[in-house]
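Participant: just need the structure, nothing else, for what follows:
(one chain, ligands or ions: 1)
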Amino acid sequence: MSNYDVPFGVGVDFETGVMDNPDRVITRRASDMRGYYANPEALEALIASGDPIHYMVYEKAIPERQGHLLFCMSVLQPGRVGNEYFLTKGHYHTEVDTAETYLCVGGRGYLLMKTEDGQWAAEKMEKGRMVYAPPLWAHRSINTGSEPLISFCVYPAHAGHNYGDIQTQGFPRRIMQGEPEPRLVK
Ligand SMILES: [Fe+2]
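Facilitator: Residues are numbered from 1 along each chain as shown. From the prediction side, this is the model:
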């Protein structure tokens with residue numbers, strides 16, 4: 001038995017994305033994102049100028065076994081590396097037959113998804129929109145707005161994280177600054 005084999009509740013602030021009393025807080029700064037952007041020189045300049053936070057994830061330590069659900073609050077800051085909007089690393093799930101759902105509660109951007117066989121999709125994220133990442137689809141958040149992109153996510157607790165081919169191959173599209181709409185480029 002863990003604390004989480006009995007019912008509980010937790011507060012989350014939709015304005016800031018912060019969860020009350022999280023068990024884990026994952027913080028990714030610019031320096032944690034080497035290899036993920038099209039313009040490494042721009043990333044190094046950003047690191048040298050204060051190494052800003054890119055995103056934070058707040059979680060409870062739900063047991064990572066089948067039957068439980070893991071959930072998180074994710075807060076991705078606005079900004080660009082060169083012309084490319086701030087993004088999360090993205091991942092597949094180790095257990096491939098597990099999905100994930102994201103509910104955007106603030107900000108705007110995309111959930112960019114891909115499969116190992118080359119399919120891709122970019123679903124818009126904005127306050128009140130839910131996006132579903134089916135089994136086998138790697139997923140990454142991208143903030144194209146001027147406010148933090150805040151989302152609540154839920155997935156099977158045994159799913160695990162697998163960065164797979166993302167570090168070497170990235171995603172089939174990048175999302176770059178554009179007017180009036182962001183540009184999706186190969
Ligand atoms: Fe996931």
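
Participant: how about whichever strand or helix holds Val154: buried residues?
Facilitator: Under the criterion DSSP states H and E, the helix or strand holding Val154 is strand 149-156. Residues Leu149, Ile150, Ser151, Phe152, Cys153, Tyr155, Pro156 are the ones in strand 149-156 that count as buried (16 or more other CB atoms under 10 Å). To be clear about C-beta, it is placed using only N, CA and C from the backbone, and glycine gets the same treatment.

Participant: ranges for the helices of this protein?
Facilitator: Ranges of helices in the chain, per DSSP state H, are 40-48, 166-169.

Participant: how about CSV for the buried residues of strand 149-156, with distance to Ala45 added?
Facilitator: Shown next, in CSV, are these (distance: CB to CB, whole Å):
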residue, distance to Ala45
Leu149, 23
Ile150, 27
Ser151, 28
Phe152, 33
Cys153, 31
Tyr155, 35
Pro156, 40
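
Participant: and for the helix or strand of the chain with the lowest mean pLDDT, what's in contact with it?
Facilitator: The helix or strand of the chain with the poorest confidence is helix 166-169; it has a mean of 84 (mean pLDDT, DSSP states H and E). Helix 166-169 is contacted by residues Gly35, Tyr36, Lys89, Gly90, His91, Tyr92, Ala138, Arg140 when judged by CB atoms under 8 Å, 6 or more residues apart in numbering.

Participant: the residues you listed: which two are farthest apart?
Facilitator: Greatest spatial distance among the contacts of helix 166-169 (CB to CB): Gly35 and Tyr92, at 16.8 Å.

Participant: right, and Tyr92 touches Asn162 too?
Facilitator: Yes - the pair Tyr92 / Asn162 is scored as a contact, 4.4 Å apart, by CB atoms under 8 Å.

Participant: pull the contacting residues for Gly35.
Facilitator: Counted by CB under 8 Å, 6+ apart, Gly35 has contacts Gln167.

Participant: which parts of the chain are strands?
Facilitator: Remark: strands assigned in the chain by DSSP state E are 24-29, 53-59, 69-76, 80-81, 84-85, 100-106, 108-114, 120-126, 130-133, 138-143, 149-156, 174-176, 183-185.

Participant: looking at the ones you listed, which one has the lowest mean pLDDT?
Facilitator: Sorting these by mean pLDDT places strand 183-185 lowest, at a mean of 88.

Participant: reformat the strands of the chain as a markdown table; add distance to Pro40.
Facilitator: What follows is the strands of the chain, written out as a markdown table (distance: least, CB to CB, whole Å):
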| stretch | distance to Pro40 |
| --- | --- |
| strand 24-29 | 15 |
| strand 53-59 | 15 |
| strand 69-76 | 20 |
| strand 80-81 | 9 |
| strand 84-85 | 11 |
| strand 100-106 | 28 |
| strand 108-114 | 20 |
| strand 120-126 | 23 |
| strand 130-133 | 28 |
| strand 138-143 | 18 |
| strand 149-156 | 23 |
| strand 174-176 | 13 |
| strand 183-185 | 17 |
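
Participant: thanks a lot, see you next time.
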